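*Asks:* Just the structure for this:
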Amino acid sequence: MDLLKVYNNYLYVSIQWLTRQGIGRNTINNWTKRNLLSTIRLSGSTFIPYDHIPDSTKSKLPSKDEILSIIENQKVISISEEYYNKMYSAYEKGFIKYLEHYQDIVNNDEKALRYAKLHAVWVVVMEIYDEFISVRKRPKLRELHEAFSKIYPGKYVYVRMSQTIKSIKENGIENNVIDHRGGRKPVFGPVHKKWVLDAVSSGKAYYSPFIYEKVCELCREHGYKTPSDSWVKNYISKVSPIVYPTRYGIDKGIGQLPYAGIIRATNPGDQWQIDGWRLPFYMEKYKTLTLFAVMDACSGRIVGYHIDFSENTETILKGLEHAAQTTNTLPLEILADNHSFNKTEEAEYFKGKIEKMGSRWTVSENPRYKSLIERSFGTFGTKFCKPMYGYIGEGIRTRRTNGRTVQELVDKYTKAGTFLTEEQIKLIAIQLVNEYNIKVCKTGQSPIDAYQALENKGIPIDKIGRMKLFIQPIPYTVRQGQINIKRENVVHEFQLNKDQYLILNNKKVNVRYVDFDQIYLFDLKNDRLIGCVPKKRYAHGAYANQTEEDIEILNKNKGRINGIKTAFKRQQAELARQAEAIDPEAAYAMNAKLTPKNIIEEFKENGMLAQEAARLGVNLDYVTNIPVFSEVQTYGKDEKKSRKRRESPMLATEKEIREFDINKYLNEDE
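*Replies:* Alright, predicted model coming up:
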């Protein structure tokens, strides 16, 4: 608590300070009773103006100047304490950000720690100093020196510290922190480190003697000091972790990273994991086949697969199609590695389709995320493939002593006439996949039993859905009621039925097909199924060669044509009914527009035209009228009905009977 204060340029002393100076309470109370002084409350304490104290009492107290000096000293101590707290915090905690920098420079942990702490303290000193300079105030150097000396006693005298601040302003903190006395070892900076880092990052994994040799060559060429062999070795050890993936491969680099514990999918259909694996059997010319498998991540069941010479786009899509066909579902997620398939147009189409259906395609370079199928291939090879004829081992990269078949046995498998054929390897793989799925595991269930025991949470998909997903559509235009597909110089014709013809003729549709027995038509815009079209059937034209089947084909074609014609008439009549319902007069207005004029009547009524005709020798009295009729060829709503009534008068209505004019028919007979 401050017992002495300067307030409004007046010196005040507290009653508590007076009592400490030996002034009794009764004396102070008497001053108050005699109105010799006034009091004020500051910071919860009662203060008395120093000038109001009676002279007899002042003689027992320090002088006014002495008290003012005491107050000033208290301020200095307070400021110094504040600076000390900031510096000490930097000394204890703030040094960490500078530690690595000094470790790289001095290669001595003890020195690096000492330099880092001193650097952190100097940062605080310079911040306080610059704060005063920025507002054009004189820095409190004495308080800074006192606070600094509490942490580093005797390091600087007051004058030397002022000089050091100026030096830091010119050369930076680091130059003043490092002790340059007694000769300094060469410091190998970023250039040397970059050379070492570049060499270490090479996928050839060079040894340290080779790297040291190359660094020395570069130092001579560019005029740098040559580091020692031990410095290069130490720095190689230091930077190896940051270039591990490029030096030893991505897979091994991932193996150096922390990993999360992965729990299997909860239900069938939650996730499929896909991958390819080389089957360990040789064919002629030492060729091998690849098994592409689709595994349910919950049960471990192989729900689909395909076998081919490589894990290409076609193999992947056929394996996925087999899985969708086997389960009649799509999973909520398909987990794949970063295969080149992901960059193909087929992959973009497939991923776009499954996303719209509610599934997703996930790519992960980390094998731990699909460790289930990775481990399963190992089990598949050692437990199921190994007992089979022709097994050649796990490959040249395996580290297991029992992972390879002895060369003598491999030689027996690869003699002329002893190689397995492509068909034999496929049969072996089919059998082994089946055995894998029904083999009872440690859980007491086989993968297929575990799959069937739980509810499948996948997305249902039928034959048409699979076709949309795995077969890309090809646009065709319907011509003459059929679609022609040419493959290998053979034209396959597919003829639409009457209803399809009426809607699709001369229009473009998307076509998908599995074989050439029938094709499926889809809408161009929304890919909605329109219908299927069987392959066109042919009939013998020669009567002598015709069978009942040929006659049936011809009759059906005739019926199709008649049906199309009838449908056209009905469509025209329906449109006529709709138009007449809106405006009966306007509905048939086009008839008059398309009916030619009888110009004979115009010549008879127009004298100028008649005179011109006479000039050319035309006698209008002997010219018959030009026959005129409407060019409109559409069917009206009552045309068929009226024709039947003309043929059968018994069908006439009462109105028609009342309005019947026999002269009309007599004129027609003429």
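
*Asks:* would Gly531 count as being in a strand?
*Replies:* Yes: counting by DSSP: H, G, I helix; E, B strand; the rest coil, Gly531 falls inside a strand.

*Asks:* What is the burial count for Ile40?
*Replies:* Ile40 is surrounded by 14 other residues when neighbours are defined as other Cβ atoms under 10 Å. Using the backbone N, CA and C atoms, a C-beta is placed for each residue, glycine as well.

*Asks:* next one: phi and psi at it?
*Replies:* Note on Ile40: backbone dihedrals following degrees, to the nearest 10 are phi -130, psi 160.

*Asks:* For it, which non-adjacent residue is closest in space?
*Replies:* Counting by Cβ to Cβ, 6 or more residues apart in numbering, Phe47 is the residue found nearest to Ile40 once chain neighbours are left out, at 5.4 Å.

*Asks:* what kind of secondary structure is that neighbour in?
*Replies:* strand.

*Asks:* Quickly list what it is bridged to.
*Replies:* With DSSP bridges applied, Phe47 shows beta-bridge pairing to Ser14, Ile40.

*Asks:* Was I right to think it contacts Tyr10?
*Replies:* No: using Cβ atoms under 8 Å, Phe47 is not in contact with Tyr10, being 9.7 Å away.

*Asks:* Looking at those two now, which is surrounded by more residues?
*Replies:* Phe47 (23 against 13).

*Asks:* got a pLDDT number for the more buried one?
*Replies:* We have a pLDDT of 77 for Phe47.

*Asks:* For whichever strand or helix holds Asn484, enumerate the helices and strands it packs against.
*Replies:* In this structure, Asn484 sits in strand 482-487 according to DSSP states H and E. Under the contact criterion of 3 or more Cβ pairs under 8 Å, 6 or more residues apart in numbering; DSSP states H and E, strand 482-487 touches strand 474-477, strand 490-495, strand 508-512.

*Asks:* ok, then the element right after the longest helix anywhere in the chain?
*Replies:* Longest helix of the chain, by residue count under DSSP state H: helix 548-582. Remark: after helix 548-582, the chain's next helix or strand is helix 584-587, criterion DSSP H and E.

*Asks:* Give me the distance from that following helix to the chain's centre.
*Replies:* Using Cα atoms, centre = their mean, to the nearest Å, the distance from the centre of helix 584-587 to the centre of the chain it belongs to is 61 Å.

*Asks:* Use 39 as the first number from now on
*Replies:* Sure thing, new numbering starts at 39, so read that last one as helix 622-625.

*Asks:* looking only at pLDDT, what's the mean for that helix?
*Replies:* The model assigns helix 622-625 a mean pLDDT of 79.

*Asks:* you'd agree Phe379 is up against Thr351?
*Replies:* Yes: the criterion here is Cβ under 8 Å, and Phe379 meets it with Thr351 at 5.3 Å.

*Asks:* When these two are compared, which one has more neighbours?
*Replies:* With neighbours defined as other Cβ under 10 Å, Phe379 and Thr351 compare such that Phe379 has more, 21 against 17.

*Asks:* still on that earlier bit, which one, of the helices and strands packed on strand 520-525, ends up nearest to Thr633?
*Replies:* strand 512-515 (36.7 Å; Cβ to Cβ).

*Asks:* So Lys408, which state does it fall into?
*Replies:* Classification of Lys408 using three-state DSSP returns helix.

*Asks:* now do Ile300
*Replies:* Secondary structure assignment for Ile300 (three-state DSSP): coil.

*Asks:* Report the distance from stretch 359-378 to the chain centre.
*Replies:* With Cα atoms, centre = their mean, you get 18 Å for stretch 359-378.

*Asks:* returning to that earlier point: if you compare the helices and strands packed on strand 520-525, which one is most tucked away?
*Replies:* Comparing the helices and strands packed on strand 520-525 by mean neighbour count (mean count of other Cβ atoms under 10 Å), strand 546-550 ranks first with a mean of 19.

*Asks:* Note down every partner strand of that strand and its orientation.
*Replies:* Partners of strand 546-550 in the sheet, by DSSP bridges, are strand 512-515 (antiparallel), strand 556-560 (antiparallel).

*Asks:* want to throw these into TSV with mean pLDDT?
*Replies:* TSV is the format used below for those (pLDDT from 0 to 100):
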stretch	mean pLDDT
strand 512-515	92
strand 556-560	90
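
*Asks:* got the ones you listed as JSON lines, with distance to Glu460 columns?
*Replies:* Formatted as JSON lines, the strands paired with strand 546-550 follow (distance: least, Cβ to Cβ, whole Å):
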{"stretch": "strand 512-515", "distance to Glu460": "30"}
{"stretch": "strand 556-560", "distance to Glu460": "31"}
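
*Asks:* Looking at those strands, spot the one closest to Arg58.
*Replies:* Each of the strands paired with strand 546-550 has some distance to Arg58 by Cβ to Cβ; the shortest is strand 556-560, at 102.3 Å.

*Asks:* Need the residues that contact that closest one.
*Replies:* With Cβ atoms under 8 Å, 6 or more residues apart in numbering as the contact definition, strand 556-560 has outside contacts at 502, 505-506, 511, 521, 523, 532, 538, 542, 547-551, 566-573.

*Asks:* what about the residue positioned nearest the centre of the chain, which helix or strand?
*Replies:* In the chain, the residue lying closest to the centroid (Cα atoms, centre = their mean) is Thr400, at 8.4 Å. Assigned by DSSP H and E, Thr400 falls within strand 399-401.

*Asks:* Please apply the same query to Glu349.
*Replies:* For Glu349, there is no helix or strand it lies in under DSSP H and E.

*Asks:* ok, and the closest non-adjacent residue to it?
*Replies:* Of all residues not flanking Glu349 in the chain, Gly314 sits nearest, at 3.3 Å (Cβ to Cβ, 6+ apart).

*Asks:* hang on, isn't that neighbour packed against Leu327?
*Replies:* No: the criterion here is Cβ under 8 Å, and Gly314 misses it with Leu327 at 10.4 Å.

*Asks:* need the helices for the stretch 89-238 of the chain, in chain order.
*Replies:* Counting by DSSP state H, counting those that start in this stretch, the stretch 89-238 of the chain has helices at residues 93-96, 102-127, 134-144, 147-172, 179-189, 196-209, 211-215, 228-238.

*Asks:* so which of those gets nearest Leu613?
*Replies:* Per Cβ to Cβ, nearest to Leu613 of these: helix 228-238, 80.5 Å.

*Asks:* tell me which strands and helices the closest one is in contact with?
*Replies:* When contacts are defined as 3+ Cβ pairs under 8 Å, 6+ apart, helix 228-238 packs onto helix 246-260, helix 267-277.

*Asks:* what packs against the shortest one?
*Replies:* This points to helix 267-277. helix 228-238, helix 246-260.

*Asks:* could you check the angle helix 228-238 makes with that helix?
*Replies:* Taking axes from the mean of the first three to the mean of the last three Cα atoms, to 10 degrees, one finds helix 267-277 and helix 228-238 inclined to each other by 70 degrees.

*Asks:* I'd like the next helix or strand past helix 267-277.
*Replies:* Next along from helix 267-277, by DSSP H and E: helix 282-286.

*Asks:* Distance from that following helix to the middle of the chain?
*Replies:* The chain centroid and the centroid of helix 282-286 are separated by 26 Å under Cα atoms, centre = their mean.

*Asks:* List the buried residues of that helix.
*Replies:* Using 16 or more other Cβ atoms under 10 Å as the test for burial, helix 282-286 gives 282-283, 285.

*Asks:* show me what contacts Thr420?
*Replies:* Thr420 sits next to Glu432 when contact means Cβ under 8 Å, 6+ apart.

*Asks:* Next, it: secondary structure please.
*Replies:* Using three-state DSSP, the structure places Thr420 in helix.
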